[in-house]
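Trainee: could you work out the structure for the sequence below:
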Amino acid sequence: MTKTVFITGAATGIGRATALLFAGRGYFVGGYDIDETGLQILAADIAAVGGAGVVGHLDVTDADEVSQRLSEFVAGAGGRLDVMINNAGLLNAGHFEEIPVAVHHREIDVNIKGVVNGLHGAFPHLKTTPGAVVVNLASASAIYGQAELANYSATKFFVRAITEALNLEWGDHDIRVIDMWPLYVQTAMTRDVKTGTTTSLGIRLSAQDIAEDIVSAVEPTLPRRLVSQVHFAVGTQAKVLALGSRFSPAWLTRLVNKRLAGR
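Mentor: Numbers count the residues shown, from 1 in each chain. The predicted model follows:
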C-alpha cells in the first residue's frame, strides 16, 4: 500500500522541500502550484530521488480548481489521500496602513480562503482513507499579533483556529488535523523582509527544517499521539515563545512581543 500526499505551493521553498522528503520516504506525491516552471523542476527532482508522483497547476483561491485537482490526484493515486498539506501562502511585511488594501485582500485570499478551499475539497477523500492527516502551515505569528505583519499574523490566527476546531470535528472521521508554527524561514518569501522581529530574532530556519518537522508531525512519536498534539512549533525560538505565552500573563506576553518588535 503506497501512501499519498497532496501539497499546495509545492514549486519552491517549504512545499518543494516537503515534497522531496515525502517522495524519498516512498509516498506518491502530488505537487501543485501556480509556478508551472518550478513544478517541472520539482517533477524531475522527485524522479531523481527515486520517488513517484504528479505535478499540476493550482490556484488555491479557486475552489472549483482545488476540488478538481484533488479528485484527479486521488483517482490516479489508488483512491487514497493520506496527507493533505495546505502550504501555499503569502507574506507582506510593513506598516499596515502603507500596504495597499488590494495586497491585504490577496494575502487573505491565499492564506485563508486557500486553506478553506483545500480543507473543504479534501474532506471527501480524507474520510475514506484510514488514519488521514491534514497539515496546515500556520506560523509563530499565531501566538501573538505581530507588528509590521498585522494582516499576515491575523491570517495565521485563522489557520490556528480552524485547525483546532477541525481537529475536534474530524476526529469522528479518523482524520487528524494539525498545524506547524515556524518563525521566519529562509525562502523567497522572506528575502526582502525586514521588520523589528527579523532584526531581533533573525531568520534562522531553512525550508528543510520545516519539511523534516512536518514529516515528524505526520508520523508522530507515541507521546505526541497520547497527548493529541495539535500545534507543532518549529525551532527553539518558536518553542520558547509558544511555551512562554502559555504560562505568562497577557501583559507580559504583550511586553515581550513589543520588545521583540523593537517598540
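Trainee: mind listing what's buried in the strand ranked longest in the chain?
Mentor: What stands out as the longest strand in the chain, according to DSSP state E, is strand 175-182. Applying a neighbour-count criterion of 16 or more other C-beta atoms under 10 Å, one finds Ile175, Arg176, Val177, Ile178, Asp179, Met180, Trp181, Pro182 buried in strand 175-182. For every residue, glycine as well, the C-beta is placed using N, CA and C.
Trainee: over to stretch 38-57?
Mentor: For stretch 38-57, a neighbour-count test (16+ other C-beta under 10 Å) marks Gly38, Leu39, Leu42, Ala43, Ile46, Gly51, Gly53, Val54, Val55, Gly56 as buried.
Trainee: try stretch 6-17
Mentor: Those would be Phe6, Ile7, Thr8, Gly9, Ala10, Ala11, Thr12, Gly13, Ile14, Gly15, Arg16, Ala17, for stretch 6-17 by 16+ other C-beta under 10 Å.
Trainee: ok, so of the residues you listed, who is nearest Ser141?
Mentor: Checking the buried residues of stretch 6-17 against Ser141 by C-beta to C-beta gives Ile14 as the nearest, at 15.2 Å.
Trainee: average model confidence for the helix or strand encompassing the closest one?
Mentor: Secondary structure from DSSP states H and E places Ile14 in helix 13-24. Averaged across helix 13-24, the pLDDT comes to 97.
Trainee: what's the angle between the helix or strand following that helix and helix 13-24?
Mentor: The helix or strand immediately downstream of helix 13-24 is strand 28-33, counting by DSSP H and E. For strand 28-33 against helix 13-24, the angle by axes from the mean of the first three to the mean of the last three C-alpha atoms, to 10 degrees is 160 degrees.
Trainee: what does stretch 98-118 rub up against?
Mentor: Here stretch 98-118 makes contact (C-beta atoms under 8 Å, 6 or more residues apart in numbering) with 8, 60-63, 66-67, 84, 86, 88-92, 96, 136, 151-152, 155-156, 158-159, 162.
Trainee: do that again at 7 Å, thanks
Mentor: 8, 60-61, 63, 66, 84, 86, 88-90, 92, 136, 151-152, 155, 158-159, 162 (C-beta atoms under 7 Å, 6 or more residues apart in numbering).
Trainee: which members of the residues you listed occur in helices, if any?
Mentor: Ala63, Val66, Asn151, Tyr152, Thr155, Phe158, Val159, Ile162 (DSSP state H).
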